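Student: missing the sequence, but the structure's below:
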C-alpha cells in the first residue's frame, strides 16, 4: 500500500510534537533563573528577567570556543566542587548559607527549594537573583567536560577518580 | 477516596523522611560581629554534609583530597603529634598556664577537649581585655592529624566534628569584634 503524503505529514507532525513536549519537559524541569533589580532613587531602573534555566547550558554552545576554553581553564579547579556542592545542596533542607548585615546593606544567600537565592539590599537598589541548583550543576558539568588539553591546562592529579 | 488516602499517607511519609533527614544533619555556624561603628554582623551556616562532599572535590596545589599540605618547615621543629599524644594521655587538669602582666595563656584538658584560653589586657585603666577561647575535642584533633606528617586532614576533622555533640569551638572577644564558631543540629544561627 503506497504511503500517502498525509501519512508522512502526520508522522512528521507527531515527531515534532514529541520533540516539543520533550523539550518543554526539559525546560520545565530545569526551572527558571530569575533576576530582579529595583533602583531606589527616582528614575531608578527596574529590571525583571525570568529566563528558562535550560538556556544556560544551551547558551554555552553559542559562546565562542576560545572564550569557553578560557573560562573552563580558569574555573577547572573549582568545577568538581561546584558540582558536588549543588548536588548536596539539593538534598539539604532550606537554610540561610550567608547573611551579612550592616547599617547600609544586607546580603542574604540562601537555599530555597531547588534554588540558590541571593538578595542584596543597599541604599541604591535591591537585587534578587534565583538560580536553579540543577542548572548550575549542569553548566559546571559541561565546562568540566571540556578536555583539559583543550582548556589549555593539565588535569589535576587524581582527577580521573572524581 | 482511596487515592486521597494514599496521597495523604505519601505526604506524611515524605514529611517524616525529610524531618528525619534534617534532624540528623549537623551544622557548622560562624558568627562575626564587628564592634566598630559599622556594626556589621556576618552569619554563616554550613551543613557538615556539604563540606564532606565539597572538600574531596577541591584540587589545588596545597589542598587535595580534603587534605591541606603544610610546609615541612612549620612542622620541622615541633612534633605536634607527639605533643597531642602526650596531652591526650595526661590526666585531666590544667597543664600549662603562663601569666604575665598583660597576658594569661591557659591550656587545659577537660571532658575530652583541648582547651586554650588567652586573655590579653588591652587597656588596664579601663579594664579592657581581649579573650580567645578555643575548645576542640581530641577526636577532631586526632582526625586532623591523621594524615601524613606534612598534611592536615581537614576532611577527617569535618567528619569527626559531625560525630560530636553540640559544641562551641571558638570564641573571640576583642575590642573590634566578636567571633563565635560552633556546631549543632540547627540550621539557623542565633
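Tutor: It's in. All values derive from a computational prediction rather than experimental measurement.
Student: and the pLDDT at residue A:150?
Tutor: Residue A:150 is assigned 57 on the pLDDT scale.
Student: which residues of chain B fall in strands?
Tutor: For chain B, the strands defined by DSSP state E occupy B:27-34, B:41-47, B:63-64, B:67-69, B:94-99, B:103-110, B:113-123, B:128-137, B:151-153, B:167-173, B:177-184.
Student: ok, the second one near chain A or not?
Tutor: Yes. Strand B:41-47 lies within reach of chain A by Cβ under 8 Å from any Cβ of the partner chain, at B:41-47. The way it works is simple: take the backbone N, C-alpha and C, and place the C-beta from them, glycine included.
Student: buried set for stretch B:107-124?
Tutor: B:107-109, B:113-114, B:117-119 (16 or more other Cβ atoms under 10 Å in any protein chain shown).
Student: which one of these sits closest to residue A:75?
Tutor: Residue A:75 has its nearest neighbour among the buried residues of stretch B:107-124 in residue B:114, at 38.4 Å by Cβ to Cβ.
Student: read off the pLDDT value for the closest one.
Tutor: 87.
Student: what's around the residue lying closest to it once chain neighbours are set aside, how many residues?
Tutor: Of all residues not flanking residue B:114 in the chain, residue B:136 sits nearest, at 5.1 Å (Cβ to Cβ, 6 or more residues apart in numbering or on different chains). Residues within reach of residue B:136, counting by other Cβ atoms under 10 Å in any protein chain shown, total 19.
Student: residue B:136: what's it in contact with?
Tutor: Going by Cβ atoms under 8 Å, 6 or more residues apart in numbering or on different chains, residue B:136 touches B:113-114, B:169.
Student: in which helix or strand would I find residue A:110?
Tutor: Counting by DSSP states H and E, the element that carries residue A:110 is strand A:106-112.
Student: helix or strand next in line after that strand, which one?
Tutor: Taking DSSP H and E, what comes next after strand A:106-112 is strand A:115-121.
Student: what does that next one contact?
Tutor: With Cβ under 8 Å, 6+ apart, strand A:115-121 has contacts from A:31, A:86, A:89, A:105-111, A:126-133, A:136.
Student: and for stretch A:34-53?
Tutor: A:27, A:30-33, A:123-132, A:134-135.
Student: swap in 10 Å and give it another go.
Tutor: By Cβ atoms under 10 Å, 6 or more residues apart in numbering or on different chains, the residues outside stretch A:34-53 that reach it are A:24, A:26-33, A:58-59, A:114-115, A:117-136, A:138-139.
Student: can you check stretch B:91-101 too?
Tutor: B:86-87, B:104-113, B:115-121, B:124.
Student: what does stretch B:115-125 give?
Tutor: B:94, B:96-109, B:127-136, B:170-175.
Student: what's the PyMOL syntax to select whichever of those are buried?
Tutor: The PyMOL selection below is limited to those of the contacts of stretch B:115-125 classed as buried (16+ other Cβ under 10 Å):
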select buried, chain B and resi 104+106+107+108+109+129+130+132+133+134+135+136+171+172+173
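Student: what sits against residue B:49?
Tutor: A:88-89, A:91-92, B:21, B:24-27, B:158, B:162.
Student: in those residues, which has the lowest confidence score?
Tutor: residue B:21 (48).
Student: now residue A:63: how far from chain B?
Tutor: Computed with Cβ to the nearest Cβ, to the nearest Å, the distance linking residue A:63 and chain B is 24 Å.
Student: re earlier: mark which of the contacts of strand A:115-121 are buried, thanks.
Tutor: Here, 16+ other Cβ under 10 Å leaves A:31, A:86, A:89, A:107-111, A:127-133, A:136 buried among the contacts of strand A:115-121.
Student: now do stretch B:93-109: distance to the chain's middle.
Tutor: 21 Å (Cα atoms, centre = their mean, to the nearest Å).
Student: now do stretch B:30-43
Tutor: Counting by Cα atoms, centre = their mean, stretch B:30-43 comes out at 19 Å from the chain centroid.
Student: repeat for stretch A:83-98
Tutor: 15 Å.
Student: residue nearest the centroid of chain A?
Tutor: residue A:135 (3.4 Å; Cα atoms, centre = their mean).
Student: run through chain B and note the low-pLDDT ranges.
Tutor: Chain B contains residues with pLDDT under 70 at B:1-23, B:72-78, B:123-127, B:190.
Student: how does it look with 50?
Tutor: B:14-22 (pLDDT under 50).
Student: just give the nearest non-adjacent residue to the residue nearest to the spatial centre of it, would you?
Tutor: Geometric centre of chain B, nearest residue: residue B:169, 4.5 Å, by Cα atoms, centre = their mean. Distances taken as Cβ to Cβ, 6+ apart put residue B:181 closest to residue B:169, at 4.7 Å, once the chain neighbours are dropped.
Student: who touches that neighbour in this structure?
Tutor: B:28-32, B:44, B:134, B:167-172.
Student: quick check: which ranges of chain A have low pLDDT?
Tutor: A:153-162.
Student: in it, which spans are strands?
Tutor: Under DSSP E, chain A gives strands at A:32-39, A:46-52, A:95-101, A:106-112, A:115-121, A:125-132.
Student: got the angle for the last one vs strand A:46-52?
Tutor: An angle of 0 degrees separates the directions of strand A:125-132 and strand A:46-52 when computed by axes from the mean of the first three to the mean of the last three Cα atoms, to 10 degrees.
Student: tell me what strand A:125-132 is packed against?
Tutor: Under the contact criterion of 3 or more Cβ pairs under 10 Å, 6 or more residues apart in numbering or on different chains; DSSP states H and E, strand A:125-132 touches strand A:32-39, strand A:46-52, helix A:79-91, strand A:106-112, strand A:115-121.
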